[in-house]
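# Sharing a sequence plus its predicted fold:
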Amino acid sequence: MKELTEEEFYEKVYDIKTKEVKATKNTVVDFYSSTCGPCRMFGKLFEQFSETFADWDFYKVCIDDADDIMIEYKLRTMPTVLRIKGGVQELFAGVHKAEELQEILTGEIEN
């Protein structure tokens, strides 16, 4: 698991200017705020999952100074998980239990 700056997010995950997905494999991003208690609790679970799901890229992005990301994804709830699977992005807002996070990673995207 790696903590990304806003610029690193654009380089490794998604370029909001060109609307290009940069992630080359299944990717999950934990958008969190440093002042959010539930974010810290979920962050521990997120880190545990990063050790189990080695075939996924796990990233964290602190949105405290990432205004463009907040606007792009219309983030209102922290934490919010961004999943990129098969090049398709999907957001999952709120704190998730282990079973829910596993479903996010293993489940199919429902459109």
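Cool, got the structure.
# Just give me the longest helix of the protein.
helix 37-52 (DSSP state H).
# Quick check: what element follows it along the chain?
strand 57-62 (DSSP states H and E).
# And that following strand, what does it pack against?
Packing partners of strand 57-62 (3 or more CB pairs under 8 Å, 6 or more residues apart in numbering; DSSP states H and E): strand 2-4, helix 6-12, strand 27-32, helix 37-52. To be clear about C-beta, it is placed using only N, CA and C from the backbone, and glycine gets the same treatment.
# Got phi/psi on the spatially closest residue to Cys62 that is not a sequence neighbour?
Closest residue to Cys62 in three dimensions, ignoring its sequence neighbours and counting by CB to CB, 6 or more residues apart in numbering: Ser34, at 5.7 Å. For Ser34, the backbone dihedrals are phi -70, psi -20 (criterion: degrees, to the nearest 10).
# Next, count neighbours for Ser34.
11 (other CB atoms under 10 Å).
# Now do it against Thr106, distance only.
When distance is defined by CB to CB, to the nearest Å, Ser34 is 29 Å away from Thr106.
# try Ile16
Here the criterion is CB to CB. By it, Ile16 lies 27 Å from Thr106.
# do you know how far the residue nearest to Lys25 when sequence neighbours are not counted is from Gly86?
Closest residue in space to Lys25, ignoring its immediate chain neighbours: Asp57 at 6.0 Å, by CB to CB, 6+ apart. As for Asp57, its distance to Gly86 is 14 Å (criterion: CB to CB).
# shared neighbours, those two?
Shared contacts of Asp57 and Gly86, defined by CB atoms under 8 Å, 6 or more residues apart in numbering, comprise Asn26.
# give me the beta-bridge partners of the spatially most central residue of the chain?
The chain has Val29 as the residue nearest its centroid, 1.7 Å off, counting by CA atoms, centre = their mean. Under DSSP bridges, the beta-bridge partners of Val29 are Tyr59, Leu82.
# between the helices and strands packed on strand 57-62, which one is nearest to Asp65?
Smallest distance to Asp65 across these (CB to CB): 7.1 Å, for helix 6-12.
# mind listing what's buried in that closest one?
Of the residues in helix 6-12, those scored as buried under the neighbour-count criterion (16 or more other CB atoms under 10 Å) are Glu6, Phe9, Tyr10, Lys12.
# Nothing else from me, thank you.
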